[in-house]
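Undergrad: Based on what follows, work out the 3D shape:
(2 chains)
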Amino acid sequence: MEKLDPVALGVFIALFLFVTVLGFFAGRWRQGDLTQLTEWGLGGRRFGSVVTWFLLGGDLYTAYTFVAVPALMFGAGAVGFFAVPYAAIAYVFMFLAFPRFWSVAKAKGYVTGADFVRGRFGSRSLALAVALTGIVATMPYIALQLVGMEVVLAGLGIHGEWPLVIAFVILAAYTYASGLRAPAMIAVVKDMLIYATVIAAVVIIPVELGGFTHVFSAVAAAKLTLPADAFSNPGQFSYATLALGSAMALFLYPHAATGVLSSSSRHVIKRNAVALPAYSIVLGLVALLGLMALAAGVKAMPQYADGFARFGNNYAVPALFLQMFPSWFVGIAFAAIAIGALVPAAIMSIACANLFTRNIYREFFKRDCTPAHESQVAKIVSLVVKGGALVFILEGQSKAAIELQLLGGIWIIQTLPAVLLGLYTRWLHPRALLLGWIAGIASGTWMAAQSGFKASVYVLHVGGMALPCYAALSSLILNLVVSYALSLVFNTLSSARQDTTLTEDYV
Amino acid sequence: MDGRQKGGFRLVHLLLIVPFAATLWVPFYNRALPDLDGIPFFYWYQILWVALTALILFIVYLAEGRE
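TA: Residues are numbered from 1 along each chain as shown, chains lettered A, B, ... in the order given. Okay, the predicted model is just below:
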C-alpha cells in the first residue's frame, strides 16, 4: 500500500482547491442569465476558438482515457494504439459535418442532437430514441471518470470512499451553480497540467530508462506490432474498424455535441478541428507511457502490488509516475488526472441534463414549461446523474461500468443516420430510421454479448472469410441498410415530412 | 450565384480522403522499421499522421476561406 507522501498530497490538494474556487467563480465569467438553458447548459454559445479548444480538449480526452489507453498498451501492446488514428480521423468528421450542426442549432435554438432530430424529422419517437441513447451511453462514461480519480487517489495513499465523495459533491455544487462555464474554465488549468505532465514524462522517463530503444525492447516482439495475418483477432482488420468506428461515434456523444454547440461560430468549430489534433499527439505519447511502465518493470515491484491487485493494469501509469517523478511532480501529475476527471464528468452530466430536460421532460411531461423552469430541471438532473454515477462506483460496479461504456460506443453510433446524415438529407423516413436504430442496437448488443461484454470486436463470417470487425461498425451497416431500404418503402406510402428546418439554416 | 453553394463540396475536399487511407490501411505501417530514435515505425508513423491530418484540415480550411 502506498504511504502518504505529504509533498505530493500538498501539491495535489492545493491544485484541487484552486480549481474549486475557479469553478464557483466561473458563473460570473461573461455573465449571462443562468436561468436560461442555453446559458447554463451551453455557456450562452459564446465560447471563442481558444476557450473551445480547451473545453473540447478537456472534454474528449478524459482522465479515464489517460489511464485506460496506456493500461491497454501495457497489457496488450500495439493493439491499444488504435486510439491514435481514431483521434486523428475523428476531426475530419468534425470539420465536415459539425459546422452544419452548429448553424442549424443556432438558427433554431437547439441544445441537443435530439432537438435537431425532432425538428428535422418531426418525429417525437425518433427524437426520444436519440435522447435515450445519448443518456444511456454517457452515464457509464461519467462513472469511469470516477474510476480514473480513484486510481490516482490510491496512488497518493488516500484510501476509503470519502475523498471521492467530497470531490464529487464539490463538482456537483459548482456545476449546479455555474453550468458549462465551470468546466470550461477548469479545462484551461487541466489541459495545461496535462501538457506539462506528458511533456515532462516523455522527456524524462525514456532517458531514465536508457532511451526509446530500451523501452521498446521490453515489449514482447508479438505485441510490438500487430499480427502479420491481417484477419487474426485481434489484428489489423479489427484495428482499422475500431479506429474508424470510434471516430464516427465520437462527435455523436452528447458531451461532444455540448462542446461543439457552445462555440460562438461555425468557424470556431473548423479552426478547432484543425487545432484539436494537438491533444491527439499527446494521447499518442500517453499511450507510449504504457510501454514505458512495462520497461520500468513496475508490476514486479512490491510497493505497487496492492495498486495492481486493486486496479489491474489501470495502475500502470500511476505506478510509473510514482517510480520516476519527484514527489512534488507526482502531485502535479496526479492532480492533472483527477482534475481531468472533473471536466468531462461535469460536461457529460450537463449534456445528459440538457437531453433529459429538452427531449424527455419538456417533450413528454410539461409542454408549456418556461425557460426558467427548464433550466432549473436541468440543474437538478445534473445532480442526479452525478449522484447515480457515484453510487454505482461506490457499490463496486466499476467492472459493469466498463462493460456498459463498451456498449455505449456501440449504441451511440446508431444515432448516426438520424443526426449526421440528417444534416444532409431528409429523404430518410423517420419510421425507417427508428427501425434501423432498433436493428443496430439489437445486433450490436447481441454481438457484444457473445463475448460476455468483454470484447467489442465480433467475428463476421462473410463468404468463407472470418472478419473480426468492431461491432459498432458492423451493426451500423445493418442500421443503414434497414434505414435506406425501409425509407424506400415508407416514402412511397407517404413522403410528406414535418421538417421545420430550412436550407439556409445549415450554412 | 456562381453555382457553388456556400459550404458545398469542392475539389479540395478530396484531400480529406488521404488521412483515412493513410491510417486505415494497416498493412502499410504494421512494421517496426525504419525506427525513429528507437521508436518503431508503427508508432511514429501514426503519431506523424495525427499532425498531417491537422495540416490537411488546415489546407482545406484556408482553401474554403478563399471563396
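Undergrad: Span of stretch A:313-331 from start to end?
TA: 21 Å (Cα to Cα, to the nearest Å).
Undergrad: for stretch A:38-51, same thing?
TA: 17 Å.
Undergrad: Does chain B have contacts with it?
TA: No - using Cβ under 8 Å from any Cβ of the partner chain, stretch A:38-51 never reaches chain B; the gap is at least 11.9 Å. Bear in mind the C-beta positions are built from the backbone N, C-alpha and C, glycine included.
Undergrad: Tell me the buried residues in stretch A:26-46?
TA: For stretch A:26-46, the neighbour count (16 or more other Cβ atoms under 10 Å in any protein chain shown) marks A:26-27, A:29, A:32, A:34, A:36-46 as buried.
Undergrad: Specify the helix with the largest residue count in chain B.
TA: Counting residues, the longest helix found in chain B (DSSP state H) is helix B:41-65.
Undergrad: That helix packs against which elements?
TA: helix A:83-108, helix A:266-275, helix A:277-296, helix B:17-24 (3 or more Cβ pairs under 8 Å, 6 or more residues apart in numbering or on different chains; DSSP states H and E).
Undergrad: cutoff 10 Å now
TA: helix A:83-108, helix A:212-217, helix A:266-275, helix A:277-296, helix B:17-24 (3 or more Cβ pairs under 10 Å, 6 or more residues apart in numbering or on different chains; DSSP states H and E).
Undergrad: what about it, distance to the chain center?
TA: 4 Å (Cα atoms, centre = their mean, to the nearest Å).
Undergrad: try stretch A:261-276
TA: Distance, centroid of stretch A:261-276 to centroid of chain: 18 Å (Cα atoms, centre = their mean).
Undergrad: ok, it near chain B or not?
TA: Yes - residues of stretch A:261-276 are located near chain B by Cβ under 10 Å from any Cβ of the partner chain, namely A:266-267, A:270-276.
Undergrad: Take those residues and lay them out in a markdown table including neighbour count.
TA: Converted to a markdown table, those look like this (neighbours: other Cβ atoms under 10 Å in any protein chain shown):
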| residue | neighbour count |
| --- | --- |
| A:R266 | 19 |
| A:H267 | 16 |
| A:K270 | 23 |
| A:R271 | 21 |
| A:N272 | 26 |
| A:A273 | 27 |
| A:V274 | 23 |
| A:A275 | 19 |
| A:L276 | 22 |
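Undergrad: what's the closest of those to chain B?
TA: A:V274 (4.6 Å; Cβ to the nearest Cβ).
Undergrad: Now do the contacts for whichever residue of chain B sits closest to chain A.
TA: Taking Cβ to the nearest Cβ as the measure, the point where chain B comes nearest chain A is B:G38, at 3.2 Å. B:G38 sits next to A:206, A:210-217, B:44 when contact means Cβ atoms under 10 Å, 6 or more residues apart in numbering or on different chains.
Undergrad: May I see the buried residues of the longest helix of chain B?
TA: B:41-50, B:52-54, B:56-58, B:60-61, B:64.
Undergrad: One more: stretch B:10-18?
TA: Those would be B:L16, for stretch B:10-18 by 16+ other Cβ under 10 Å.
Undergrad: right, is that stretch up against chain A?
TA: Yes - counting by Cβ under 10 Å from any Cβ, contacts between stretch B:10-18 and chain A involve B:13, B:15-18.
Undergrad: May I ask which two of the contacts of B:G38 are separated the most?
TA: Farthest apart among these by Cβ to Cβ are A:G210 and B:W44. That separation is 18.8 Å.
Undergrad: Please give the number of neighbouring residues around A:V507.
TA: Neighbours of A:V507 under the rule other Cβ atoms under 10 Å in any protein chain shown: 14.
Undergrad: That one and chain B, how far apart?
TA: A:V507 is 5 Å from chain B, where distance means Cβ to the nearest Cβ, to the nearest Å.
Undergrad: That residue contacts A:R266, doesn't it?
TA: Yes - the criterion here is Cβ atoms under 10 Å, and A:V507 meets it with A:R266 at 8.3 Å.
Undergrad: Now render the helices and strands packed on helix B:41-65 as JSON lines, adding distance to A:A154.
TA: Below are the helices and strands packed on helix B:41-65 laid out as JSON lines (distance: least, Cβ to Cβ, whole Å):
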{"stretch": "helix A:83-108", "distance to A:A154": "24"}
{"stretch": "helix A:212-217", "distance to A:A154": "25"}
{"stretch": "helix A:266-275", "distance to A:A154": "34"}
{"stretch": "helix A:277-296", "distance to A:A154": "16"}
{"stretch": "helix B:17-24", "distance to A:A154": "35"}
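Undergrad: Now mean pLDDT and distance to A:T492 too, for these, in CSV please.
TA: CSV is the format used below for those (pLDDT from 0 to 100; distance: least, Cβ to Cβ, whole Å):
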stretch, mean pLDDT, distance to A:T492
helix A:83-108, 95, 28
helix A:212-217, 91, 60
helix A:266-275, 94, 36
helix A:277-296, 93, 44
helix B:17-24, 96, 34
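Undergrad: Tell me which of these sits nearest to A:S375.
TA: The nearest among those, by Cβ to Cβ, is helix A:83-108 at 17.4 Å.
Undergrad: can you state the direction angle for whichever helix or strand comes after the closest one and helix A:83-108?
TA: Next helix or strand after helix A:83-108 toward the C-terminus (DSSP states H and E): helix A:113-121. Taking axes from the mean of the first three to the mean of the last three Cα atoms, to 10 degrees, one finds that helix A:113-121 is oriented at 60 degrees with respect to helix A:83-108.
Undergrad: circling back: and the residue of chain B closest to chain A, backbone torsions?
TA: phi 90, psi -10 (degrees, to the nearest 10).
Undergrad: repeat for A:Y253
TA: Dihedral pair for A:Y253: phi -60, psi 140, per degrees, to the nearest 10.
Undergrad: For the closest residue to it other than its chain neighbours, the count of nearby residues, please.
TA: Among residues not flanking A:Y253 along the chain, A:I412 sits closest, at 5.7 Å (Cβ to Cβ, 6 or more residues apart in numbering or on different chains). Look at A:I412: counted by other Cβ under 10 Å, it has 27 neighbours.
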